[in-house]
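Asks: sequence and predicted structure, then a few things I'm wondering about:
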Amino acid sequence: MFAVRNARNFCNKLSTMKDQIPFSSDFIFRQLFDTTSSTYTYLLADTDTREAVLIDPVFEHAERDFQLCKDLNLKLKYAMNTHMHADHITGTGFLKKLTNCKSLISKASGADADIHVDESDAVTFGRHKLQIFATPGHTNGCITYYSTEQGIAFTGDTLLIRGCGRTDFQEGNSETLYHSVHKKIFTLPPATKLYPAHDYKGLTSTTVDEEKRLNPRLTKNLQEFVKIMDNLNLPYPKMIDKAVPANKVCGVFELSPQ
Ligand SMILES: N[C@@H](CCC(=O)N[C@@H](CCS)C(=O)NCC(=O)O)C(=O)O
Ligand SMILES: [Fe+2]
């Protein structure tokens with residue numbers, strides 16, 4: 001009986017993995033990394049129009065990201081953030097100097113940008129589209145970018161792999177984060193691939209199904225979750241005093257990292 005149940009559970013897991021949608025042949029996806037802040041930057045593009053977007057670019061890598069766009073013959077349309085970061089300076093300001101791109105962030109972030117977005121807005125590049133979900137909790141202005149067609153979501157610091165963003169600075173609120181994850185991210189199809197803004201253990205992506213089963217914080221009930229978040233006792237990010245003021249004005253604009 002035990003063996004049968006185990007086999008059934010295993011098959012259920014495999015079927016969820018089988019449901020994963022492969023990227024369309026006209027969709028470019030690159031995951032880039034900053035080893036200092038463990039930040040992921042994502043380059044997405046349309047192979048036909050060559051329009052591209054960068055999610056969560058890092059200041060020190062703006063030239064790398066610009067060069068990659070050039071190498072792939074892409075026109076950067078938007079340099080956009082999932083939230084006003086506290087641990088690194090965004091590359092959006094620098095990328096605006098290097099290209100004709102526009103910066104984009106949520107209205108609720110309180111940060112400057114060319115374009116402000118909100119729940120139910122969408123970002124398009126070529127024929128591709130990212131829907132925007134407001135997923136506050138780590139900060140007030142946290143958003144998740146979601147592509148139904150590709151079956152992927154960029155969760156910023158709202159949901160990390162087997163973790164989540166801390167809620168002890170900026171406008172952090174653990175109850176709000178819990179509801180953002182449970183009502184927005186966890187209601188996406190189980191096979192949706194999730195790409196966070198950071199990972200500190202070398203993992204690169206997860207799925208809704210995986211996190212609903214395995215996230216050590218978000219599988220708990222609200223009360224237990226709040227208690228966990230109240231007791232994380234993490235040191236403040238080293239860059240916070242520099243990063244937050246810079247990110248409030250869309251990053252810095254000098255042409256070279258110091
Ligand atoms: N040590 C790093 C900061 C690490 C950190 O605080 N990460 C944030 C996300 C970036 S704002 C976080 O929410 N972590 C959650 C967790 O459980 O680790 C540094 O000094 O920059
Ligand atoms: Fe953050």
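Replies: Cool, the structure landed. Ligands and ions are numbered 1, 2, ... in the order given.
Asks: in its sheet, what does the helix or strand in which S103 is found sit against?
Replies: S103 belongs to strand 102-106 when elements are defined using DSSP states H and E. Within its sheet, strand 102-106 is paired with strand 75-80 (parallel), strand 115-117 (parallel), according to DSSP bridges.
Asks: output the ones you listed as a markdown table; include the columns mean pLDDT.
Replies: Compiled in a markdown table, the strands paired with strand 102-106 are given as follows (pLDDT from 0 to 100):
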| stretch | mean pLDDT |
| --- | --- |
| strand 75-80 | 98 |
| strand 115-117 | 98 |
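Asks: please identify the most buried of those.
Replies: strand 75-80 (a mean of 25; mean count of other Cβ atoms under 10 Å). C-beta coordinates here come from the backbone N, C-alpha and C atoms, glycine included.
Asks: give the other helices and strands that whatever helix or strand comes next after that one contacts.
Replies: With elements assigned by DSSP H and E, the helix or strand that comes after strand 75-80 is helix 92-98. On a contact count with 3 or more Cβ pairs under 8 Å, 6 or more residues apart in numbering; DSSP states H and E, helix 92-98 meets helix 62-71, strand 75-80, strand 102-106.
Asks: most tightly packed of these?
Replies: Buried most deeply of those, by mean count of other Cβ under 10 Å, is strand 75-80, with a mean of 25.
Asks: which residues sit against the strand holding S103?
Replies: With contact meaning Cβ atoms under 8 Å, 6 or more residues apart in numbering, strand 102-106 is reached by 77-81, 83-84, 92-93, 95-96, 111-118, 123, 132, 134, 141-143, 250-251.
Asks: counting neighbours, what do you get for A122?
Replies: If you count neighbours by other Cβ atoms under 10 Å, A122 ends up with 12.
Asks: ends of stretch 120-131, how far apart?
Replies: Using Cα to Cα, to the nearest Å, the end-to-end distance of stretch 120-131 comes out at 7 Å.
Asks: swap that for stretch 56-76, sorry
Replies: Across stretch 56-76, the terminal residues are separated by 13 Å (Cα to Cα).
Asks: got a list of contacts for it?
Replies: 28, 30, 32, 34, 36-37, 39-43, 45, 50-54, 79-82, 85, 88-95, 98-101, 154, 156, 197, 251-252, 257.
Asks: could you redo the last one with a cut-off of 6 Å?
Replies: Contact with stretch 56-76 is made by 34, 39, 41, 45, 50-52, 54, 79, 81-82, 88-89, 91, 94-95, 98-99, 101, 197, 251, 257, as judged by Cβ atoms under 6 Å, 6 or more residues apart in numbering.
Asks: on that earlier part again, right, and the strands paired with strand 102-106 - which one's nearest F186?
Replies: Minimum separation from F186 across those (Cβ to Cβ) falls at strand 115-117, 22.1 Å.
Asks: strand partners (parallel or antiparallel) of the next helix or strand after the closest one?
Replies: Following strand 115-117 in sequence order, the next helix or strand is strand 122-125 (DSSP H and E). Partners of strand 122-125 in the sheet, by DSSP bridges, are strand 128-134 (antiparallel).
Asks: what average pLDDT does the partner strand get?
Replies: Confidence for strand 128-134, expressed as mean pLDDT, is 98.
Asks: then stretch 19-30?
Replies: 94.
Asks: what about it, distance to the chain center?
Replies: Mean C-alpha position of stretch 19-30 versus that of the full chain (Cα atoms, centre = their mean, to the nearest Å) differs by 17 Å.
Asks: got the buried residues for it?
Replies: 27-28 (16 or more other Cβ atoms under 10 Å).
Asks: show me where this protein has helices.
Replies: 2-18, 62-71, 92-98, 174-183, 208-214, 222-230, 240-248 (DSSP state H).
Asks: so for ligand 1, which of these sits nearest?
Replies: Proximity to ligand 1 (Cβ to the nearest ligand atom) singles out helix 240-248 among the helices of the chain, at 7.7 Å.
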